[in-house]
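**Q** okay, structure incoming, though there's no sequence with it:
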């Protein structure tokens, strides 16, 4: 049985704030704390009937709904903004370390570099938008690697947008950081836009995804990492209301067509394991074991729009804008 924390109970919320990883715990919301049900898919705006995937909570009933158009999964009821504000205040106030979800930031930054390597050749200046990048650790390390591996690059300009506003990596001579409050303030175009483990948290994910893609230069790249979770049983520990969507390989393999993008899908694969053997041995071992069949499937069977093996935990993509 899952142990919910009630967002309306002050004592339970204090206990909730002491959890080691709030993203893995669900809050119980009452009707006054959620928006009215909308038929429209919040990811692709499809207005047909969606299929119940799993139940998140009872009384009020909140379910995960599968969209037959984009193949994404979303919560049937979005939390009200005031509930999300309370949730994220607890989330960020409870963390003293780097505000990133990846335990090995050097590993993920080098991984992104390899996936997006074609955009750095013969460039002098590289511009990056790190959307939801915490304190900028990953994009900072990526910038360092770009300059190290590509000698023609002299400057990396990184614009950062995140709810965590108490810290940011310091600018250096060749790596310049700038913080924006939200996407509406951004007027630039970028060589690379990063949205790592952030789209699943957004109520207005359709607008945000299309806005992020619109900010990429011609031949520029978009890197995204999202949950791709499959569940055992009728109810799930989804991390609601922090997690609102599930976007796996079936979603990303159709994203060009569904959103009518003038783009190319360069990479679509199970994401890296975000934990390390040193910090979480058993979880890391299980993550590698569960991802292995998907990698074997890709090697033997090629690219399928609907991967046969679904239990991969997360998915990542690189999209090139034409």
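**A** Right, received. Where do you want to start? Everything numeric in this text was worked out from a predicted model, so none of it was measured.

**Q** so where's this structure shaky on pLDDT?
**A** For the chain, residues meeting the criterion pLDDT under 70 lie at 1-25, 91-101, 165-169, 230-237.

**Q** which helix is the longest one in it?
**A** helix 281-301 (DSSP state H).

**Q** in that helix, which residues are buried?
**A** 284, 287, 290-291, 293-294, 297-298 (16 or more other CB atoms under 10 Å). The way it works is simple: take the backbone N, C-alpha and C, and place the C-beta from them, glycine included.

**Q** can you lay out those as a markdown table showing distance to residue 249?
**A** A markdown table is the format used below for those (distance: CB to CB, whole Å):
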| residue | distance to residue 249 |
| --- | --- |
| 284 | 21 |
| 287 | 16 |
| 290 | 14 |
| 291 | 12 |
| 293 | 13 |
| 294 | 8 |
| 297 | 10 |
| 298 | 9 |
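
**Q** closest one of those to residue 54?
**A** Distance to residue 54 across the buried residues of helix 281-301 (CB to CB) is lowest for residue 290, with 18.1 Å.

**Q** partners of whichever helix or strand comes after the longest helix of the chain in the sheet?
**A** Next along the chain after helix 281-301, taking DSSP states H and E as the criterion, comes strand 313-321. Take DSSP bridges as the rule and strand 313-321 pairs in its sheet with strand 216-228 (antiparallel), strand 263-270 (antiparallel).

**Q** which residues touch the helix or strand where residue 74 lies?
**A** Element membership for residue 74 (DSSP H and E) is strand 73-75. Applying CB atoms under 8 Å, 6 or more residues apart in numbering, the contact partners of strand 73-75 are 41-43, 50, 53, 56, 62-67, 205, 238, 240-241, 244-247.

**Q** give me that answer again for 7 Å
**A** Here strand 73-75 makes contact (CB atoms under 7 Å, 6 or more residues apart in numbering) with 41-43, 53, 56, 62, 64-66, 240, 244-246.

**Q** what's the answer for stretch 131-151, then?
**A** Contacts for stretch 131-151 (CB under 7 Å, 6+ apart): 98-100, 102, 105-106, 108-110, 112-113, 120-121, 126, 128, 130, 153, 156, 158, 160-162, 164, 167-169, 174-175, 177, 193-196, 198, 212.

**Q** and the buried ones among those, selectable in ChimeraX?
**A** Those of these that count as buried under 16+ other CB under 10 Å are selected in ChimeraX with:
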select :98,99,100,102,105,108,109,112,113,120,126,128,130,153,156,158,160,161,162,164,168,169,175,177,193,194,195,196,198,212
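
**Q** mark which of the contacts of stretch 131-151 are part of strands, please.
**A** Using DSSP state E to define strands, the subset of the contacts of stretch 131-151 located there is 126, 128, 130, 156, 158, 160-161, 175, 177, 193-196.

**Q** and which of these is nearest residue 78?
**A** residue 195 (19.1 Å).

**Q** mind listing what the closest one touches?
**A** Counting by CB under 7 Å, 6+ apart, residue 195 touches 131-132, 212, 224.

**Q** so what's residue 152 closest to, chain neighbours aside?
**A** residue 122 (5.6 Å; CB to CB, 6 or more residues apart in numbering).

**Q** I'd say that neighbour and residue 153 touch.
**A** No. Assessed by CB atoms under 7 Å, residue 122 is found out of contact with residue 153, at 9.2 Å.

**Q** where do the helices sit along this protein?
**A** 10-16, 81-93, 105-115, 137-149, 205-214, 249-252, 255-258, 281-301.

**Q** would you turn these into CSV with distance to residue 274?
**A** As requested, those are arranged in CSV below (distance: least, CB to CB, whole Å):
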stretch, distance to residue 274
helix 10-16, 22
helix 81-93, 17
helix 105-115, 8
helix 137-149, 11
helix 205-214, 21
helix 249-252, 17
helix 255-258, 22
helix 281-301, 8
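
**Q** residue 277 and residue 106, how far apart?
**A** With distances taken as CB to CB, to the nearest Å, residue 277 is found 15 Å from residue 106.

**Q** ugh, wrong one, I meant residue 50
**A** Residue 50 is 40 Å from residue 106, by CB to CB.
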